[in-house]
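Novice: Sequence plus the predicted model coming up.
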Amino acid sequence: MSGIERGTGLQLLAMVRAALLLTVLLGAACASSSKPAPAQQPPPAADVRTPGTPRPARLAWLDMFARGYFPGRSGQVFVVPKEGWFVTTPDPLYKFMHGSPWRYDTHIPVLFYGAPFVRASTQGHAEQQDVAPTVGALIGAPSIPTYTGRVLTDAIAGSAKPRIVTVFVLDSMRSDYFDKYASVMPTLSRMKKEGAWFSDGQTQVLPTVTGVGHANIGTGSDPRFHGIVVNNLFNRSTGKPQEAYDQLDTRELMALTLADTWNLATDGKAVIIGHGGAIRATAGLVGRGACLIGGKRILAASYGGADGGWETNPACYTMPEVLKGFSGRKVWEAAGGTWMGHDIASAQKFRASSLFQKYEAEALLAVVDSTTAGADDIADLIFVNMKGPDYTSHAHGPDSPEMPVTLAELDRQIAAYLALMDKKAGPGRHVTAITADHGQPGVPPAGGRVYLEDVIAQLNKRFAAAVPFINYYNDAANNQLHLDTAKLQAAGISLSDVAAFLEGLEAFEAAYTEDEVRAAQARLRK
């Protein structure tokens with residue numbers, strides 16, 4: 001380029017800059033000469049509040065709530081308890097309560113075991129939503145468009161297909177249990193050593209609860225797509241709270257599970273089994289069965305009933321015949337109604353014992369053994385929720401003497417299950433995946449066990465003189481409040497006011513409004 005050309009170019013650039021500056025100045029002048037600006041609006045609630053927590057952590061928690069948000073099902077204010085603290089009820093079966101974004105609730109095991117299909121290795125990050133796509137890749141299932149997880153390709157060795165893949169969700173099984181309780185878990189320790197172990201297994205959705213975690217695992221997706229956002233919600237149409245999968249209704253699940261897809265792809269020829277300690281676990285893992293258009297009935301049941309038996313939705317699932325002979329009552333009565341000095345003489349109390357862990361595992365073994373699973377080259381899928389670690393840790397805590405007893409029983413039953421897999425599919429022809437839905441906090445600091453009724457009382461003292469506005473805040477693990485926004489608005493109270501008040505309480509580290517969560521969700525990538 002010649003000097004004249006360069007000079008001409010610089011002159012043109014200067015003219016453009018001058019024109020832009022003039023435009024800006026004229027715009028500012030016009031704005032100042034127009035009608036007065038409206039009164040200054042208050043900044044968003046996130047700016048009004050002065051959090052002590054670093055902003056990156058607050059934004060990460062907000063994104064976790066955003067992944068877990070579904071309109072009409074989620075609450076209106078979302079809270080994060082202070083680290084080590086938790087909100088619970090006076091019920092002795094729930095002395096400890098999960099649901100938070102802290103590591104003791106989010107760091108979970110992710111393990112794939114089964115040579116020659118799985119490559120023995122220790123790897124890094126994996127999420128709940130990665131389990132379904134990875135199992136799908138192992139068996140050759142079609143991908144699902146709502147997947148937010150990824151295939152963990154480094155865990156897969158070769159292209160051969162197993163005859164059976166089992167996904168065990170060990171309820172409330174913290175990842176650090178594999179180290180802390182390794183001495184009582186020789187089978188799980190061996191699987192960790194010989195399988196593909198992900199040391200940074202995570203759940204990245206809030207709240208960290210059973211219904212949400214199992215649906216994340218079963219669908220390979222987030223609650224914003226599959227719709228299971230809490231264990232218990234407030235139905236604004238009925239004006240009443242209801243459990244996830246109310247009346248065992250699987251239609252609440254808004255996304256396909258891997259089991260659904262495989263049911264359709266094999267035209268019902270694959271054996272698909274769902275087995276769990278609660279319907280909110282079983283349904284999230286296996287999906288709709290015959291209640292999906294084109295789907296066939298699958299074998300699925302969950303623990304329930306006053307006698308500690310099993311229940312199912314007969315429109316969607318088939319109750320395994322062998323389960324009709326299983327009754328928890330027989331077990332706790334044979335034990336004299338006690339375990340380690342604790343009263344277990346009811347269907348609820350029984351669950352917080354290693355006897356329950358043995359009972360639900362033996363029921364699983366009977367179900368699987370009664371089927372044709374592993375009999376042909378069409379891969380069969382078995383999804384299992386083991387609820388024992390959850391109920392024991394809720395009642396007694398992760399560091400209690402009761403915990404290793406339950407985990408030792410769990411380990412024995414996993415060993416028995418692997419032996420059954422060798423019998424049903426043949427040695428070297430099956431894969432087992434191990435993960436969890438959430439973790440559990442340990443003993444809180446002084447004052448760190450907070451009760452729902454106390455939080456509600458403080459809210460009522462601050463706001464309810466104007467209007468009673470709490471529709472539902474009875475499940476502490478949900479970490480969200482369902483509020484009557486019309487009553488609040490009529491009283492001149494905003495959700496930001498409520499969130500700011502909660503965040504000012506000693507128990508909470510952060511609080512967000514529904515609008516903040518929605519805005520964060522709009523920014524999320526799939």
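Specialist: That came through fine.

Novice: which stretches of the stretch 1-150 of the chain form helices?
Specialist: Per DSSP state H, counting those that start in this stretch, the stretch 1-150 of the chain carries helices over the ranges 3-33, 45-48, 55-67, 103-106, 131-139.

Novice: Lowest mean pLDDT across the ones you listed, which one is that?
Specialist: Looking over the helices of the stretch 1-150 of the chain, mean pLDDT reaches its minimum on helix 3-33, with a mean of 34.

Novice: residues in contact with the helix or strand harbouring R224?
Specialist: Here R224, judged by DSSP states H and E, is contained in helix 223-226. Outside helix 223-226, the residues within contact range by C-beta atoms under 8 Å, 6 or more residues apart in numbering are 66-70, 146, 148, 205, 212, 215-216, 219, 229, 253-255, 284, 521, 524. Backbone N, C-alpha and C define where each C-beta goes, glycine included.

Novice: Name the residues of that helix that come out as buried.
Specialist: Residues of helix 223-226 classed as buried: P223, R224, F225, H226 (neighbour count, 16 or more other C-beta atoms under 10 Å).

Novice: With stretch 146-158 instead?
Specialist: T146, Y147, T148, G149, V151, L152, A155, I156, A157.

Novice: how long is it end to end?
Specialist: Using C-alpha to C-alpha, to the nearest Å, one end of stretch 146-158 lies 26 Å from the other.

Novice: Now tell me what touches that stretch from outside.
Specialist: Here stretch 146-158 makes contact (C-beta under 8 Å, 6+ apart) with 67, 110, 112, 115-119, 121, 123, 126-134, 136-138, 196, 198, 219-222, 225-226, 255-256, 526.

Novice: rewinding a little: out of the buried residues of helix 223-226, what pair is the most spread apart?
Specialist: Among the buried residues of helix 223-226, the pair separated by the greatest distance (C-beta to C-beta) is R224 and H226, at 8.1 Å.

Novice: Kindly state the pLDDT recorded for the residue minimising distance to the centre of the chain?
Specialist: Centrality entry for the chain: nearest residue to the mean C-alpha point is G213, 2.0 Å, by C-alpha atoms, centre = their mean. Predicted confidence (pLDDT) for G213: 98.

Novice: Mind telling me what element it is part of?
Specialist: Following DSSP H and E, the helix or strand that holds G213 is helix 210-219.

Novice: Is the residue lying closest to G295 once chain neighbours are set aside in a helix, a strand, or coil?
Specialist: Once flanking residues are discounted, G295 sits nearest to N263: 5.1 Å by C-beta to C-beta, 6 or more residues apart in numbering. The three-state assignment at N263 reads helix, by DSSP: H, G, I helix; E, B strand; the rest coil.

Novice: Name all residues that make contact with the residue nearest to the centre of the chain.
Specialist: Taking C-beta under 8 Å, 6+ apart, we find G213 in contact with Q128, V169, T203, V205, G284, A436, D437, H438.

Novice: ok, it to A115 distance?
Specialist: 28 Å (C-beta to C-beta, to the nearest Å).

Novice: how about the helices in the stretch 251-400 of the chain?
Specialist: With DSSP H, counting those that start in this stretch as the criterion, the stretch 251-400 of the chain has helices at 258-265, 279-286, 328-334, 347-350, 354-369, 388-396.

Novice: burial of the closest residue to N478 other than its chain neighbours, as a residue count?
Specialist: Computed as C-beta to C-beta, 6+ apart, the closest residue to N478 that is not its neighbour in sequence is V230, at 4.3 Å. Applying other C-beta atoms under 10 Å, we find 27 residues neighbouring V230.

Novice: Am I right that V230 is in contact with P207?
Specialist: Yes: look at V230 against P207 with C-beta atoms under 8 Å: they come within range, at 6.4 Å.

Novice: Pull up the overlap in contacts between these two.
Specialist: With contacts defined as C-beta under 8 Å, 6+ apart, the residues adjacent to both V230 and P207 are N478, Q480.

Novice: hang on, the earlier thing: present the buried residues of helix 223-226 as JSON lines; the columns should include distance to E321 and pLDDT.
Specialist: Shown next, in JSON lines, are the buried residues of helix 223-226 (distance: C-beta to C-beta, whole Å; pLDDT from 0 to 100):
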{"residue": "P223", "distance to E321": "34", "pLDDT": "98"}
{"residue": "R224", "distance to E321": "38", "pLDDT": "98"}
{"residue": "F225", "distance to E321": "35", "pLDDT": "98"}
{"residue": "H226", "distance to E321": "30", "pLDDT": "98"}
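
Novice: was I right about T371 contacting T318?
Specialist: No: if you go by C-beta under 8 Å, T371 and T318 don't touch, sitting 10.6 Å apart.

Novice: Between the two, which contacts overlap?
Specialist: Joint contacts of T371 and T318 (C-beta under 8 Å, 6+ apart) are L299.

Novice: Out of the contacts of G213, which two sit at the greatest distance?
Specialist: V169 and V205 (14.6 Å).

Novice: A315: neighbouring residues, count only.
Specialist: Counted with other C-beta under 10 Å, A315 comes out at 13.

Novice: To clarify, my last question referred to A345.
Specialist: A345 has 15 neighbours, counted by other C-beta under 10 Å.

Novice: Give the phi and psi angles for it, as a check.
Specialist: phi -90, psi 50 (degrees, to the nearest 10).

Novice: who's in contact with it?
Specialist: Neighbouring residues of A345 by C-beta under 8 Å, 6+ apart: W332, E333, G337, T338.

Novice: Which one (most neighbours) among those residues?
Specialist: Counting neighbours by other C-beta under 10 Å, W332 leads the contacts of A345 with 24 neighbours.

Novice: That one contacts I344, correct?
Specialist: Yes: at 5.0 Å, W332 and I344 qualify as touching, with contact defined as C-beta under 8 Å.

Novice: Off-centre distance for stretch 143-158?
Specialist: 19 Å (C-alpha atoms, centre = their mean, to the nearest Å).

Novice: What mean pLDDT does stretch 477-494 get?
Specialist: Looking at stretch 477-494 alone, the average pLDDT works out to 95.

Novice: Likewise for stretch 320-330?
Specialist: 97.

Novice: what does that stretch rub up against?
Specialist: For stretch 320-330, the surrounding residues in contact (C-beta under 8 Å, 6+ apart) are 273, 299, 301, 303, 307-310, 347, 350, 356, 359, 362-363, 366-367, 370-371.

Novice: count of residues packed around the residue nearest to G295?
Specialist: The number of residues packed near N263 is 27, by other C-beta under 10 Å.

Novice: how near is it to D369?
Specialist: Between N263 and D369 the computed distance is 22 Å (C-beta to C-beta).

Novice: Likewise for I382?
Specialist: Taken as C-beta to C-beta, the span from I382 to D369 is 12 Å.

Novice: Neighbour count for the two, which is higher?
Specialist: Higher neighbour count among I382 and D369: I382, with 29 against 12, using other C-beta under 10 Å.
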